[in-house]
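Participant: take a look and give me a structure for this.
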Amino acid sequence: QVQLVESGGGLVQPGGSLRLSCAASGFTFSSYAMSWYRQPPGKERELVAYIATVGGLTNHAASVKGRFTISRDNAKNTVYLQMNSLKPEDTAVYYCHAHRGGVPRDYDYWGQGTQVTVSS
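Facilitator: Sure, this is the predicted structure:
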């Protein structure tokens, strides 16, 4: 069955770094665009970063641009989010998302989320 399993979250001090990983299985990973979303406490889920299937095309939210970097390794069926210079406002549950457009329906899968807490 389809699985997206995030790891790498935790408690970090402001200014610190974390690297999130999302291991995918049960579908053709290289055919899916991958994204990281986050949901801060009491707020809606928001897109953090996106990476296309091939070609390395990425996009990052303005709030994380220059601090976070999304990447993928299609040989390992894994997508990463390198997070540097973390701020307290980065505290959230981070979710991995896979998307492929299709007819008659798109395909969307979510991971279970990993908690990131930035606090001194």
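Participant: buried stuff in stretch 78-96?
Facilitator: Buried residues in stretch 78-96, counted by 16 or more other Cβ atoms under 10 Å: 78-81, 83, 86, 90-96. (Glycine included, C-beta is placed from N, CA and C.)
Participant: do the same with stretch 110-120
Facilitator: So stretch 110-120, judged by 16+ other Cβ under 10 Å, has buried residues Gly111, Gly113, Thr114, Val116, Thr117, Val118.
Participant: tell me which residues are up against it.
Facilitator: 4-14, 16, 18, 20, 22, 38-39, 83, 86-97 (Cβ atoms under 8 Å, 6 or more residues apart in numbering).
Participant: please work out the average pLDDT along it.
Facilitator: Taken as a whole, stretch 110-120 has a mean pLDDT of 97.
Participant: and that stretch, how far apart are its ends?
Facilitator: 30 Å (Cα to Cα, to the nearest Å).
Participant: gap between it and the chain center?
Facilitator: 11 Å (Cα atoms, centre = their mean, to the nearest Å).
Participant: what does stretch 87-99 give?
Facilitator: On Cα atoms, centre = their mean, the centre of stretch 87-99 falls 7 Å from that of its chain.
Participant: for it, C-alpha coordinates in PDB please.
Facilitator: Extracted in PDB, the C-alpha atoms of stretch 87-99 (Å, rounded to 0.1, in the frame of the first residue of the first chain):
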ATOM      1  CA  LYS A  87      12.800  30.500  13.900                       C
ATOM      2  CA  PRO A  88      10.100  30.000  16.500                       C
ATOM      3  CA  GLU A  89       7.500  30.700  13.900                       C
ATOM      4  CA  ASP A  90       8.700  27.600  12.000                       C
ATOM      5  CA  THR A  91       7.200  25.500  14.800                       C
ATOM      6  CA  ALA A  92       4.600  23.200  13.200                       C
ATOM      7  CA  VAL A  93       3.700  19.700  12.100                       C
ATOM      8  CA  TYR A  94       5.400  19.100   8.800                       C
ATOM      9  CA  TYR A  95       3.700  16.900   6.200                       C
ATOM     10  CA  CYS A  96       5.000  15.200   3.100                       C
ATOM     11  CA  HIS A  97       2.700  15.200   0.100                       C
ATOM     12  CA  ALA A  98       2.800  13.400  -3.300                       C
ATOM     13  CA  HIS A  99       0.800  14.500  -6.300                       C
END
